[in-house]
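Undergrad: sequence-free structure coming up:
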């Protein structure tokens with residue numbers, strides 16, 4: 001194949017794969033980037049996007065094989081090493097993720113993705129002291145980094161310092177007023193402080209800036225729910241589902257709202273629909289357990305929570321739900 005034709009084909013296929021990736025057609029983008037790699041076996045960007053698509057589809061086994069293949073060809077690639085960190089992170093192997101991101105930082109100490117990934121991993125491991133030290137170091141290197149500043153907000157939030165978290169996210173919004181992550185998490189922090197008036201004002205402001213934001217609209221639903229306005233909450237989550245019918249958070253929120261309203265028939269239909277979309281969803285399966293529990297179907301509730309525990313043995317909500325269901329079932333005997 002002539003060199004210019006080869007380059008042209010790679011460019012066209014890469015653009016096609018990128019568009020498929022942006023459209024969420026990840027199965028197609030996986031195939032397209034493989035075609036790129038058949039023409040250009042060391043194409044770093046094609047490897048990274050193919051791995052990211054596999055991760056998005058939760059095809060962790062194939063993603064792992066692809067990472068190994070890519071790093072044999074490109075052992076010093078920072079982009080691919082970051083993908084390895086994200087691959088561990090997606091599987092909740094946070095210790096391995098932190099180590100993988102640390103390897104990137106040995107090569108490129110100012111790599112923002114690796115700094116953020118390492119901080120996030122340490123935070124989830126509840127290693128707050130080391131995470132705090134990493135945040136300070138990262139901000140010395142990248143003082144205007146929105147990603148690192150958002151991590152600082154999450155770090156405060158994870159330690160239930162919601163006032164400090166709200167302030168940290170506010171600092172991000174002074175740099176980037178439309179930053180969706182900071183807007184959402186500031187609202188969440190205010191909700192957890194039970195400062196519903198300010199949270200409501202922030203929701204209005206955020207929706208003026210980002211009217212189609214699913215994340216902000218889900219916060220709107222939670223804001224209603226926490227104030228026991230479950231009818232309004234169900235409507236808010238339903239608005240999300242008009243935009244994104246497969247949004248797991250909105251499905252869960254709508255089901256919870258319908259449960260509290262004791263609209264059990266509609267809640268049951270929503271549970272069935274949600275489980276067709278997300279058969280392994282712990283959140284939706286927990287809602288099914290609670291739906292049985294609320295109707296005093298304790299045997300079915302215990303079984304539903306037990307199904308969750310087959311997927312996530314340490315799930316606190318399911319453990320509590322199963323214990324309470326079995327206790328009430330015993331009391332009924």
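TA: Received, thanks. This is a predicted model, so every value here is computed, not measured. Residues are numbered from 1 along each chain as shown.

Undergrad: residue 237: what's it in contact with?
TA: 218, 221, 250-251, 253-254, 257 (C-beta atoms under 8 Å, 6 or more residues apart in numbering). Backbone N, C-alpha and C define where each C-beta goes, glycine included.

Undergrad: among these, which are located in helices?
TA: Using DSSP state H, the members of the contacts of residue 237 that fall within helices are 218, 221, 250-251, 253-254, 257.

Undergrad: for the helix ranked longest in the chain, name the packing helices and strands.
TA: Assignment by DSSP H gives helix 3-22 as the longest helix of the chain. Judged by 3 or more C-beta pairs under 8 Å, 6 or more residues apart in numbering; DSSP states H and E, the packing partners of helix 3-22 are helix 26-39, helix 44-56.

Undergrad: and the first one, which residues are buried?
TA: In other words, helix 26-39. 26, 28-30, 32-33, 35-37 (16 or more other C-beta atoms under 10 Å).

Undergrad: within the helices and strands, which one has residue 319?
TA: helix 316-332 (DSSP states H and E).

Undergrad: so how far is that helix from its chain's centroid?
TA: 29 Å (C-alpha atoms, centre = their mean, to the nearest Å).

Undergrad: pull the residues that contact it.
TA: Counting by C-beta under 8 Å, 6+ apart, residues outside helix 316-332 touching it are 282, 285-286, 289-290, 292-293, 296, 298-299, 301-302, 305-306, 308-309, 312.

Undergrad: buried residues in it, which are they?
TA: 317-318, 321-322, 325-326.

Undergrad: and the residues you listed, which is closest to residue 138?
TA: residue 317 (33.2 Å; C-beta to C-beta).

Undergrad: give me the below-cutoff pLDDT ranges for the chain.
TA: 1-8, 332-333 (pLDDT under 70).

Undergrad: now do the domain split for it, please.
TA: 180-262, 280-333 (automatic domain parsing).

Undergrad: out of those domains, deepest packed?
TA: domain 180-262 (a mean of 19; mean count of other C-beta atoms under 10 Å).

Undergrad: on that earlier part again, got JSON lines for the buried residues of helix 316-332, with distance to residue 202 too?
TA: Shown next, in JSON lines, are the buried residues of helix 316-332 (distance: C-beta to C-beta, whole Å):
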{"residue": "317", "distance to residue 202": "28"}
{"residue": "318", "distance to residue 202": "32"}
{"residue": "321", "distance to residue 202": "32"}
{"residue": "322", "distance to residue 202": "37"}
{"residue": "325", "distance to residue 202": "38"}
{"residue": "326", "distance to residue 202": "42"}
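
Undergrad: ok, those vs residue 179, which is closest?
TA: Out of the buried residues of helix 316-332, the member with the shortest distance to residue 179 (by C-beta to C-beta) is residue 317, at 30.3 Å.

Undergrad: in the longest helix of the chain, what's buried?
TA: 9-10, 13-14, 16-17, 20-21.

Undergrad: could you do stretch 137-148 as well?
TA: Buried, per 16+ other C-beta under 10 Å, within stretch 137-148: 138-139, 142, 145-148.

Undergrad: closest to residue 79 out of these?
TA: residue 147 (16.0 Å).

Undergrad: ok, that closest one touching residue 114?
TA: No - contact criterion C-beta atoms under 8 Å: residue 147 and residue 114 do not qualify, at 10.9 Å.

Undergrad: so what's in contact with those two at the same time?
TA: With C-beta under 8 Å, 6+ apart as the test, residue 147 and residue 114 reach no residue in common.

Undergrad: restricted to strands, list the contacts of helix 316-332.
TA: In strands, defined here by DSSP state E, there are no members of the contacts of helix 316-332.

Undergrad: for the helix or strand hosting residue 96, buried residues please.
TA: Using DSSP H and E, residue 96 falls within helix 94-107. Residues of helix 94-107 classed as buried: 94, 96-98, 100-101, 104-105 (neighbour count, 16+ other C-beta under 10 Å).
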